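Visitor: heads up, no residue letters with this:
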């Protein structure tokens, strides 16, 4: 199995396991990743997923060895269906967190950009390293990267293919947390559990509105936010939360107190 899936309560962890090639993704691995994330999406008990790589590396991108050998299945990819890296064209309805150790470069960076949040080890490296080999970003990198860090910074990384270390990645908003080497997965899983502990309808509605607003004019985006929020209120989740607040829970910045 090139993708290991572990379920622990509300948190599902997906691990790319091709250590011999630094977790580079060939076509079977791409298909396994897409299938694993679709299974997470369909699992009503799973609320947050964590994506990581085995052996101290997140993902070195597409398996260029397989490409050099003439992987015909990769050459038949179309604009419809899954991307070359597998799940890169999916839009999940639930949060995904990337836990980054070692390198997340080229298509591996694109996989990390698919996530809502990125937790990076302090000695990890990000970058559009495929620039060096004439391999384009076709797994959402030219779309998600400018949306996350802005066009100027994105073009710097896309045009130069340079390495980005943890301190700079955090300062530009490319990652959300920097943690000691070897602890990215544990930190991401802890973050996933904290998110999963919140009232789910409200969290998912706010997340959905945040993504939907990109494609909507301002007035429509605000109306869409309102409709999603009212659905949460009508569900009774907000009233239940108000009662917990009135009873003294969740105050003084303690989210689940």
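Guide: Cool, the structure landed. In this text, all values refer to a predicted model and were calculated from it rather than measured experimentally.

Visitor: measure residue 147 to residue 203 for me?
Guide: Here residue 147 is placed at a distance of 21 Å from residue 203 (CB to CB, to the nearest Å). Glycine gets a C-beta too; all of them are placed from N, C-alpha and C.

Visitor: same check, this time on residue 2
Guide: Taking CB to CB as the measure, residue 2 falls 31 Å from residue 203.

Visitor: model confidence over the longest helix along the chain, on average?
Guide: Of all the segments assigned as helix in the chain under DSSP state H, the longest by residue count is helix 218-235. When pLDDT is averaged over helix 218-235, the result is 96.

Visitor: list the helices and strands it packs on?
Guide: For helix 218-235, the contact count by 3 or more CB pairs under 8 Å, 6 or more residues apart in numbering; DSSP states H and E identifies helix 200-212 as packing neighbours.

Visitor: buried stuff in the helix it packs on?
Guide: Buried residues in helix 200-212, counted by 16 or more other CB atoms under 10 Å: 200, 201, 202, 203, 204, 205, 207, 209.

Visitor: do stretch 130-139 as well
Guide: 130, 131, 135, 137, 138, 139.

Visitor: the nearest residue to the fifth one once chain neighbours are set aside and residue 137: what is the separation?
Guide: Using CB to CB, 6 or more residues apart in numbering and skipping the chain neighbours, the partner closest in space to residue 138 is residue 84 (6.1 Å). Remark: distance between residue 84 and residue 137 (CB to CB) = 10 Å.

Visitor: what's the nearest residue to residue 168 if we skip its chain neighbours?
Guide: Looking at residue 168 with CB to CB, 6+ apart, the closest residue is residue 174, at 7.9 Å.

Visitor: per-residue pLDDT, the one you found?
Guide: At residue 174 the predicted local confidence, pLDDT, stands at 98.

Visitor: now do residue 68
Guide: Per-residue confidence at residue 68 stands at 68 (pLDDT).

Visitor: what of residue 115?
Guide: Per-residue confidence for residue 115 comes out at a pLDDT of 98.

Visitor: what about it, neighbour count?
Guide: The number of residues packed near residue 115 is 22, by other CB atoms under 10 Å.

Visitor: mind checking the SS state of the residue lying closest to it once chain neighbours are set aside?
Guide: Closest residue in space to residue 115, ignoring its immediate chain neighbours: residue 98 at 3.9 Å, by CB to CB, 6+ apart. When classified by DSSP: H, G, I helix; E, B strand; the rest coil, residue 98 comes out as strand.

Visitor: other residues contacting the longest helix of the chain?
Guide: By CB atoms under 8 Å, 6 or more residues apart in numbering, the surrounding residues in contact with helix 218-235 are 201, 202, 205, 206, 208, 209, 212, 213, 216, 238, 239.

Visitor: was I right about the fifth one contacting residue 93?
Guide: Yes. With contact taken as CB atoms under 8 Å, residue 208 and residue 93 are classed as touching, separated by 7.0 Å.

Visitor: where does the protein dip in pLDDT?
Guide: Counting by pLDDT under 70, the ranges of the chain that qualify are 67-77, 250-257.

Visitor: which stretches in it count as helices?
Guide: Taking DSSP H, the helices of the chain run over residues 27-42, 64-68, 72-75, 107-114, 141-149, 151-160, 166-171, 184-196, 200-212, 218-235, 237-246.

Visitor: of the ones you listed, which is nearest residue 49?
Guide: Distances from residue 49 to each of the helices of the chain were compared by CB to CB, and the smallest falls on helix 27-42, at 4.8 Å.

Visitor: what's the offset of the closest one from the middle of its chain?
Guide: 14 Å (CA atoms, centre = their mean, to the nearest Å).
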